[in-house]
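Trainee: Take this sequence and fold it.
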Amino acid sequence: MSTSLLSPLIDENVQTLAQLVQLLGRVTAQDYQRPLGAKGTQSLGKHVRHILEHYQTLLDACATAPSQAIFDYEQRPREAALETQPGYAGERAAALQAGLEALATMPHDAALTLSYPVEVGDADDSAALPTSLGRELAFLTSHSIHHMALLGTLCEQLGIALPEHFGVHPSTLRYWARQRSAS
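Mentor: You can find the predicted model right below:
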C-alpha cells in the first residue's frame, strides 16, 4: 500500500477520534462513569477507554522497528483514568490524532505482526498474524465506529444529544451520498 493510500485511512481514523472528542466535551464526569445497561456493566468511559487503548497499541507498535513490531490488542493497560475522566480522555484522543497523522511518514511496505491469543487444547498460545499498517487502520475505523454506535445508544439513555452521523461508518456515509446522488 503506498503512502498516498494510507492518507484516507489515517483521515478516517482522525475524523473518528474527532467525533469522540466532541462527545467528551459534552459529557459530565458523572454521566461518563454512570453504570448503564440492564446489568449496569456498561459506561461511556469503558467504551472510550477501550477505543483509545486500541489506538495506543497500534501507535506503540509503529514506534518500534517494523521487523520487531509485534503487538497484541488484548495486552492493554486498561487505564482507569480514561474511564473516569472525560477531559483526560479527550486530551489523550487529541494526542492519538497527532500520532496517527505522524504515521503518514511510515514506509508503505512496513509490515507488522499481530499476536492473537488462541486456545489450543488446554493450553493458551498465540498466533503470529502478518498484517500491515493499512489493514490495522481499516480495522481501527470499524472497531471504533462499532463502539461509538454503542456509545450513541448509551448517550440516548442519558439524554445527551450527538451529531446525526456520530457512530456511522465512513462506508455507510459514502453509500448514503451515492444514494442521494442517484435520486
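Trainee: So what's the gap between the helix or strand where residue 126 lies and the chain middle?
Mentor: Counting by DSSP states H and E, the element that carries residue 126 is strand 123-132. Computed by CA atoms, centre = their mean, to the nearest Å, the chain-centroid distance of strand 123-132 equals 21 Å.
Trainee: Please apply the same query to stretch 82-90.
Mentor: Its chain's C-alpha centre and that of stretch 82-90 lie 15 Å apart, by CA atoms, centre = their mean.
Trainee: Restricting to C-alpha, output it in CSV.
Mentor: Extracted C-alpha coordinates of stretch 82-90, given in CSV (Å, rounded to 0.1, in the frame of the first residue of the first chain):
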residue,chain,number,x,y,z
LEU,A,82,-9.6,7.0,30.8
GLU,A,83,-12.8,5.5,32.1
THR,A,84,-13.5,8.2,34.7
GLN,A,85,-12.2,11.5,33.5
PRO,A,86,-13.7,12.7,30.2
GLY,A,87,-11.3,15.7,30.0
TYR,A,88,-8.3,13.5,30.3
ALA,A,89,-9.7,11.0,27.7
GLY,A,90,-10.2,14.0,25.4
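Trainee: heads up, I number from 31, so please use that
Mentor: Done: numbering now begins at 31, and the last item shifts to stretch 112-120.
Trainee: Show me where this structure has its helices.
Mentor: Taking DSSP state H as the criterion, the chain carries its helices at 33-56, 59-63, 74-92, 110-114, 116-132, 163-188, 200-212.
Trainee: Quick one: closest of these to residue 140.
Mentor: Among these, the nearest to residue 140 by CB to CB is helix 163-188 (6.0 Å). Backbone N, C-alpha and C define where each C-beta goes, glycine included.
Trainee: Residue 70: neighbour count?
Mentor: 9 (other CB atoms under 10 Å).
Trainee: In the protein, where is pLDDT below threshold?
Mentor: 31-34, 96-97, 137-139, 153 (pLDDT under 70).
Trainee: try 80
Mentor: 31-35, 95-98, 137-140, 150-154 (pLDDT under 80).
Trainee: show me what contacts the residue nearest to residue 55 when sequence neighbours are not counted?
Mentor: Spatial nearest neighbour of residue 55, chain neighbours left out: residue 120 (6.3 Å); criterion: CB to CB, 6 or more residues apart in numbering. Contacts for residue 120 were tallied using CB atoms under 8 Å, 6 or more residues apart in numbering; they are 51, 54, 55.
Trainee: Could you single out the most deeply buried of the helices of the chain?
Mentor: helix 74-92 (a mean of 21; mean count of other CB atoms under 10 Å).
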